[in-house]
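Trainee: Would you be able to build a 3D model of this:
(one chain, ligands or ions: 1)
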Amino acid sequence: MDKRKRRTEETMEENKVKKAMSKAEASQVFASCSFSSLGLHPNLCDQLRGLSLSLLHRHASVHVYRMGFEAPTLIQAQAIPVILSGKHVLVNAATGTGKTVAYLAPIIHHLQEYDPRIQRSDGTFALVLVPTHELCMQVYEILQKLLHRFHWIVPGYIMGGENRSKEKARLRKGISILVATPGRLLDHLKNTTSFVYSNLRWIIFDEADMILELGFGKDIEEILELLGSRQNESVSKEKQISKIAEFQRQNLLLSATLNDKVNNLAKISLENPIMIGLDDKMLQISPSLEGLKSLGSDVENELEDSEKIVRSSNDEYKLPVQLFQRYVKVPCGSRLVALLSILKSLFERESSYKIVVFFSTCNAVDFHYSLLSEFPSLSKMQSEAEALQLFLKCKLFRLHGNMKHEDRRTTFQSFKTEKSALLLSTDVAARGLDFPKVRCIIQYDSPGEATEYVHRVGRTARLGERGDSLLFLQPVEMDYLRELEKHGVSLTEYPLLKVFDSFPLYSQKQNVKKFVSVEMHPWVLNLQKTLESFVTAEPQRKKLAKDAFCSWVRAYTAHRGELKSIFMVKKLHLGHVARSFALKEQPSLVGQSFQIQSKKRKRDQNQKGLSKKRKGARKS
Ligand SMILES: Nc1ncnc2c1ncn2[C@@H]1O[C@H](COP(=O)(O)OP(=O)(O)OP(=O)(O)O)[C@@H](O)[C@H]1O
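Mentor: So this is what the prediction gives:
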């Protein structure tokens, strides 16, 4: 059989397997029922189904938004009927399984049924609380699409960093479904007298655990009190007026990872909740909710075992089954070269590829963004045109909390629509954000808690699509894998040397010796040297590198609990850390404590060296 024929047959076979796999993957995500069978109004079902299309309407092209959802996801099929029934609900489902529509659709279904129709002057009926600006915008956009046929139900958002007086004006006019970050909501609850919420029927905590982890616990308690929705309080029923007099409040709590803190929030906000996505072994919440503690209190003191309703920190997390998770073991000084090489090889392999790389600090994002925006292609044989080419030929974006809100919004929108792009981000992008077609997540700086790992990798492999994730670990950090295993997360090793071997040096294939170490690989040595010259040649770039170095070390010391013994600054060689920021030597800017730690490390090493020598001397 000739080669071409065999290749064609192989490709056909591969396609068959891929098709079969994607069917199997899809069947794990979608339910075999329809939206209408779940009890949703036909107009809403129509809105959820079908493709987005443009109609010619009286000489003008009108865009009709429809979501294009053929069938509900499994979690939607489970949650929608329960939420429609008016019960309080706690939802735990893997990332990218469609939780947003699962709670928005039933609310819209009920609101469109009110007779007479609800009006703006009735104020807010549903409140969606989210932890970040980006998530606020995202939920608001989905709401806009879902409400396309229900123009009398008004969506809106309020969030930190936005213009307060404009928000006040919008609240005065009336917002039926309001998406908000907790701090700004509390501000308006206290100071915007024209904000009408006496008809409030639903409170939803999306990414509930993160809201608490960001330290909004006290705000949430105050919000629940102001809204009269704290379960241990006798809600003054007289306060509630006409429209909802016959309805009970309904609160919903959702996340892909639930932790002990959420227990407390569940206890103070949910009444006899139905659990969705939690194993049978999870206990029902105790109906008598006594002895409630503060959401701001320490996790350890929070709960009696008998009252636990969600996973404890040692339980397994749900991850998308079609996610291929790997780790790469890289010595500290070669981290930057490894990152750039992996990115280059991924983007060269496929023309359409979207990657998100996570960093621990805003400064680290800025430094790598500046580096990758300008770092030229490596080739000594290059022509002038080639010399102008960049090392990575893809669209580059960055996202972090120190950026202006407008820039954050633009990045968020642009990265969504790009086909091939790289996003460098802090954890602001880790939660809930839905960037279509992201194929790979790289955690260049380690995530800390296993929950953070789960949410970061959850930006790919969404809704049954395939995705890869890669976690960078230094040899001294390998115990982190065991930490992940405790939560049922296991990773395989990424073949880093193979990637280095694949790069021609000076435009020729290298004759690289087998089994050479990462640090001594000629590609690594060469790229590291070029990077260092490039960074140190430009004072502004060097400053970015130094700032990034300092904040990286600070972030490294901030690991909590058991992770402190895995990520220990004193185990690091700060000179090697500096190399990972393309600095030839360690900046002296770090605080005194680091210098003391570094001296202590040297002293320890010297002592170890001495005792080894002594042992060696005794042996010989
Ligand atoms: N029934 C459906 N059919 C097809 N696509 C859907 C369906 N429901 C939701 N989606 C799409 O799936 C993607 C993921 O949804 P969503 O962001 O709500 O997931 P999630 O479970 O909240 O994820 P995370 O835990 O990361 O926040 C979105 O792009 C959404 O538009």
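
Trainee: Can you list the residue ranges for strands in the stretch 301-450 of the chain?
Mentor: 323-329, 354-358, 395-399, 421-425, 440-443 (DSSP state E, counting those that start in this stretch).

Trainee: Using CSV, lay out the ones you listed together with distance to Phe472, mean pLDDT and mean neighbour count.
Mentor: Any C-beta I mention is one placed from the backbone N, CA and C, and that applies to glycine too. Compiled in CSV, the strands of the stretch 301-450 of the chain are given as follows (distance: least, C-beta to C-beta, whole Å; pLDDT from 0 to 100; neighbours: other C-beta atoms under 10 Å):
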stretch, distance to Phe472, mean pLDDT, mean neighbour count
strand 323-329, 6, 97, 18
strand 354-358, 10, 97, 25
strand 395-399, 18, 96, 19
strand 421-425, 14, 97, 24
strand 440-443, 6, 98, 24
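
Trainee: Could you pull up the contacting residues of the residue most central in space within the chain?
Mentor: Taking C-alpha atoms, centre = their mean as the criterion, Ala430 is the residue nearest the geometric centre of the chain, at 1.7 Å. If you count contacts by C-beta atoms under 8 Å, 6 or more residues apart in numbering, Ala430 has them with 358, 447, 452, 455-456, 459.

Trainee: Then Glu213?
Mentor: By C-beta under 8 Å, 6+ apart, the contact set of Glu213 is Lys261.

Trainee: right, and Val499 touches Glu348 too?
Mentor: No: using C-beta atoms under 8 Å, Val499 makes no contact with Glu348, being 10.8 Å away.

Trainee: Comparing those two, which shows the higher neighbour count?
Mentor: The neighbour comparison of Val499 against Glu348 (other C-beta atoms under 10 Å) goes to Val499, with 17 against 14.

Trainee: Now do the buried residues in the strand or helix carrying that one.
Mentor: Using DSSP states H and E, Val499 sits in helix 496-501. By neighbour count on 16 or more other C-beta atoms under 10 Å, the buried set for helix 496-501 is 496-497, 499-501.

Trainee: quick one: average pLDDT of it?
Mentor: The average of the pLDDT scores along helix 496-501 is 92.

Trainee: other SSEs contacting that helix?
Mentor: Contact here means 3 or more C-beta pairs under 8 Å, 6 or more residues apart in numbering; DSSP states H and E; on that basis helix 496-501 packs against helix 335-349, helix 522-536.

Trainee: Any idea which of these gets closest to the ligand?
Mentor: Nearest to the ligand among the helices and strands packed on helix 496-501 is helix 335-349 (22.3 Å), distances taken as C-beta to the nearest ligand atom.

Trainee: Looking at the contacts of Ala430, which is nearest Thr417?
Mentor: Nearest to Thr417 out of these is Arg459 (C-beta to C-beta; 15.8 Å).

Trainee: which strand residues sit across from Leu399 in the sheet?
Mentor: Beta-bridge pairing for Leu399 (DSSP bridges): Ser425.

Trainee: any idea how far it lies from the ligand?
Mentor: Between Leu399 and the ligand the computed distance is 16 Å (C-beta to the nearest ligand atom, to the nearest Å).

Trainee: Next, give phi and psi for Leu491.
Mentor: The phi and psi values for Leu491, taken as degrees, to the nearest 10, are phi -120, psi 150.

Trainee: my read: it touches Gln325, true?
Mentor: Yes: in this structure, Leu491 is within contact of Gln325 by C-beta under 8 Å, at 4.7 Å.

Trainee: residues in contact with Glu374?
Mentor: Each residue near Glu374 by C-beta under 8 Å, 6+ apart is listed here: 390, 541.

Trainee: Now do it against the ligand, distance only.
Mentor: In this view, Glu374 and the ligand are 33 Å apart by C-beta to the nearest ligand atom.

Trainee: do the same with Phe581
Mentor: Computed with C-beta to the nearest ligand atom, the distance linking Phe581 and the ligand is 31 Å.

Trainee: That residue and Ser370 touch, don't they?
Mentor: No: the pair Phe581 / Ser370 is not scored as a contact, 11.5 Å apart, by C-beta under 8 Å.

Trainee: if I read this right, Phe391 contacts Ser377, doesn't it?
Mentor: Yes: in terms of C-beta under 8 Å, Phe391 counts as a neighbour of Ser377; the distance is 5.5 Å.

Trainee: What residues of the host helix or strand of Glu134 count as buried?
Mentor: Here Glu134 sits within helix 133-146, counting by DSSP H and E. Within helix 133-146, the residues scored as buried using 16+ other C-beta under 10 Å are 133-143, 145-146.

Trainee: which pair in those residues spans the largest distance?
Mentor: His133 and Leu146 (20.6 Å).

Trainee: who's in contact with the spatially closest residue to Ala578 that is not a sequence neighbour?
Mentor: Closest residue to Ala578 apart from its sequence neighbours, by C-beta to C-beta, 6 or more residues apart in numbering: Gln586 at 4.3 Å. Gln586 makes contact with 549, 574-575, 577-578, according to C-beta under 8 Å, 6+ apart.

Trainee: State the pLDDT value of Gln586.
Mentor: In this model, Gln586 is scored at 89, pLDDT.

Trainee: Ok, Arg349 next?
Mentor: Note on Arg349: pLDDT of 88.

Trainee: burial of it, as a residue count?
Mentor: Arg349: 9 neighbours (other C-beta under 10 Å).

Trainee: ok, now Pro42?
Mentor: 9.

Trainee: Check the gap between the closest residue to it other than its chain neighbours and the ligand for me.
Mentor: In space, and not counting its chain neighbours, Pro42 is closest to Ser36: 6.4 Å by C-beta to C-beta, 6+ apart. According to C-beta to the nearest ligand atom, Ser36 and the ligand sit 13 Å apart.

Trainee: Ok, Glu452 next?
Mentor: From Glu452 to the ligand the distance is 13 Å (C-beta to the nearest ligand atom).

Trainee: Let me know the pLDDT of the residue of the stretch 251-400 of the chain at minimum distance from the ligand.
Mentor: Proximity of the stretch 251-400 of the chain to the ligand (C-beta to the nearest ligand atom) peaks at Ala256, 4.2 Å away. pLDDT, Ala256: 86.

Trainee: which residues touch it?
Mentor: Ala256 makes contact with 92-95, 99, 317-318, 454-455, 458, according to C-beta under 8 Å, 6+ apart.

Trainee: try 6 Å this time
Mentor: Ala256 sits next to 94-95 when contact means C-beta atoms under 6 Å, 6 or more residues apart in numbering.

Trainee: quick one: it from Thr417, how far?
Mentor: For Ala256, the distance to Thr417 (C-beta to C-beta, to the nearest Å) stands at 25 Å.

Trainee: Alpha carbons of stretch 473-489, as CSV, please.
Mentor: C-alpha atoms of stretch 473-489 as CSV (Å, rounded to 0.1, in the frame of the first residue of the first chain):
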residue,chain,number,x,y,z
LEU,A,473,6.6,22.6,39.3
GLN,A,474,10.2,23.0,40.5
PRO,A,475,11.9,19.8,41.7
VAL,A,476,11.5,21.1,45.3
GLU,A,477,7.8,21.5,44.8
MET,A,478,6.9,18.0,43.7
ASP,A,479,5.0,17.2,46.9
TYR,A,480,2.2,19.5,45.5
LEU,A,481,1.2,16.5,43.3
ARG,A,482,0.4,14.6,46.4
GLU,A,483,-1.7,17.5,47.7
LEU,A,484,-3.7,17.4,44.5
GLU,A,485,-4.0,13.6,44.7
LYS,A,486,-5.8,14.0,48.0
HIS,A,487,-8.6,15.6,46.0
GLY,A,488,-8.6,12.9,43.3
VAL,A,489,-6.6,15.0,40.8
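
Trainee: And that stretch, how far out from the chain middle?
Mentor: Centroid separation for stretch 473-489 versus its chain: 19 Å, with C-alpha atoms, centre = their mean, to the nearest Å.

Trainee: ranges for the helices of the stretch 151-300 of the chain?
Mentor: With helices called from DSSP state H, counting those that start in this stretch, the stretch 151-300 of the chain shows them at 164-173, 182-191, 208-211, 217-226, 260-269.
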